[in-house]
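Colleague: Give me the fold of what follows.
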Amino acid sequence: MNIFKYSTLSIFAFIVSSCFISCTQNQDNTNNFIQAKSANISVYTTENDESAITSFIDQHASKDTHLPVDDRYESSLNYVVTAPKSNEEVNQNERILVFFNHDETIGNSGRIPSKNEVSFKNDFNGKLYENVWGNGQKVLIIDIDQEIDAWLQQNFAKLEKALIQINHDLGLNGVEGYFPKTNISQRKYSDSLENLLMTNYGFGIDIPNNFRIVQADSQFVWITNIQKDNGFESIMINIFNNQIDYSKLDELIENRNLFTHQYLHNDEGTQISVSESGAYNPKLDINTYTNANKQSYHQFLGWYTEMGTYRRGPFGRYYYQNKSNQTIAVDWFCNGQTNFNCSASKLTSIATSFRLKQ
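Modeller: Now for the predicted structure:
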C-alpha cells in the first residue's frame, strides 16, 4: 500500500498542518524505507554477459505486464542492466535488484546475510532476499552454470513472471504506517469547512464531518477522510481559467494530469496519471448534467495509476463554472489496501453537491 505525499500550507485565517513519515536511506540501517521507483529492475551481471542480457531483454521483455488475477495492477517493468566493476557501482537504494552470478559473484551479492532470505519457489536456481539494505526491498540472486544465451532462452519468461509478482507485492504491501496524520481541530465539522470554501473560493460542497482539509492554495484544495491504516477517500478541487472541450478525451486527461503531477506524488516519487490501459480506460461523456442546486456540470470518470507501480484507484471528476467564468473541477478518488471499502456513491454525492455563493 502506498500513500500520496503532501506538504503543509497556510490557508485562510488559520494554519492546517500535516506530517508524513519519511526516511532517508542508509545502507547500514534496514529500518529505513527504500524510496525508489518500484517498477525499476536493476540487473547486475558480468561484462561478458552484459550485452547478451541487454539485447535479450530489449527483444523479449513484456511491454504490458500484469497479473491475470488482478489486472488493475499493470505496468511495464523497466530493466537497467549494469556490469559493476566495484561494490560502489551497485545501487543499494533500488527496490528490486537482480544479480546474475555467472562464473563469478557480482558486487557484494555474496555477502547478504542468510537471515534475509525468504521463501521463493522457482526452477531457475534463484534465491530471494528482502530488506537487505532497506525496508521495502527485494534482492534476487541467480547462480547460472550454463551459457547465458541458453539460460535466457530457457528461463527468462519464468524470471519475468516472478519479477512481476515481486513488483506487484511491493506495490500493494509497502510499509505499514505510511499514512498521513493531521492535527486539525475536530471541534467544528462540515459546516466550518464548507464555510471556509464559500468565504475564500465563492463555492461550497457538502463535506461529511470526518473529512479534513490537508492542503490548499489558490488553485488547489485537498480534503480527505483517513480511515485508520486501510486507506483514504479524497476530494480534490482544482480552479483554473482555461476552458475545456468536453468532447475531447485528450484534453480531459491532460487537465487532470496537470494537477496530479504538480500536487500528488507517491513514495517512489513517481507521478499520478489518468490510466489509459486495458479495461481501465477513461470514459468520454459529452452530456451536460444539472445537480440539485441547479448547477450545470460535465463529468469525467476513470481510473488513476501511480506510474511505475501496480497501484490504481477509481476517480470521478465534475466540471462547473463560477461567476468569474473560471472552471471548478471537483474530483473524488480513493487510495487504499485491497480490503479498503471505497464508497463511490458517497463521494459522487459530495462532488455533485456543488453550489455557488449567493
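Colleague: Please enumerate the strands of the stretch 251-358 of the chain.
Modeller: Secondary structure of the stretch 251-358 of the chain (DSSP state E, counting those that start in this stretch): strands at 272-274, 289-290, 296-306, 312-321, 327-336, 355-356.
Colleague: any chance of these in CSV, with distance to F259 too?
Modeller: Every C-beta, even on glycine, is put in place using the N, C-alpha and C of the backbone. Below are the strands of the stretch 251-358 of the chain laid out as CSV (distance: least, Cβ to Cβ, whole Å):
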stretch, distance to F259
strand 272-274, 9
strand 289-290, 22
strand 296-306, 11
strand 312-321, 10
strand 327-336, 8
strand 355-356, 21
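Colleague: so can I have TSV of those showing mean pLDDT, distance to S114 and mean neighbour count?
Modeller: TSV is the format used below for the strands of the stretch 251-358 of the chain (pLDDT from 0 to 100; distance: least, Cβ to Cβ, whole Å; neighbours: other Cβ atoms under 10 Å):
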stretch	mean pLDDT	distance to S114	mean neighbour count
strand 272-274	89	39	20
strand 289-290	96	61	11
strand 296-306	91	33	20
strand 312-321	91	36	21
strand 327-336	89	35	22
strand 355-356	95	63	17
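Colleague: looking at those, which is closest to T45?
Modeller: strand 296-306 (29.2 Å; Cβ to Cβ).
Colleague: Which one, of the strands of the stretch 251-358 of the chain, ends up nearest to P208?
Modeller: strand 327-336 (12.0 Å).
Colleague: Pairing partners for the closest one, with directions?
Modeller: Applying DSSP bridges to the sheet, strand 327-336 is found paired with strand 231-240 (antiparallel), strand 312-321 (antiparallel).
Colleague: Could you check the angle the last one makes with strand 296-306?
Modeller: What it means is strand 312-321. 150 degrees (axes from the mean of the first three to the mean of the last three Cα atoms, to 10 degrees).
Colleague: Report the distance from strand 312-321 to the chain centre.
Modeller: In terms of Cα atoms, centre = their mean, to the nearest Å, the centre of strand 312-321 is set 17 Å apart from its chain centre.
Colleague: and it, C-alpha only, in PDB?
Modeller: The C-alpha coordinates for strand 312-321 follow below in PDB (Å, rounded to 0.1, in the frame of the first residue of the first chain):
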ATOM      1  CA  ARG A 312      -4.600   2.100  -9.200                       C
ATOM      2  CA  GLY A 313      -7.800   3.600  -8.000                       C
ATOM      3  CA  PRO A 314     -11.100   5.000  -9.300                       C
ATOM      4  CA  PHE A 315     -11.900   8.700  -9.700                       C
ATOM      5  CA  GLY A 316     -14.800  10.900 -10.700                       C
ATOM      6  CA  ARG A 317     -14.300  14.500 -11.900                       C
ATOM      7  CA  TYR A 318     -17.100  17.100 -12.200                       C
ATOM      8  CA  TYR A 319     -16.600  20.400 -14.000                       C
ATOM      9  CA  TYR A 320     -18.500  23.600 -13.000                       C
ATOM     10  CA  GLN A 321     -18.300  27.300 -13.800                       C
END
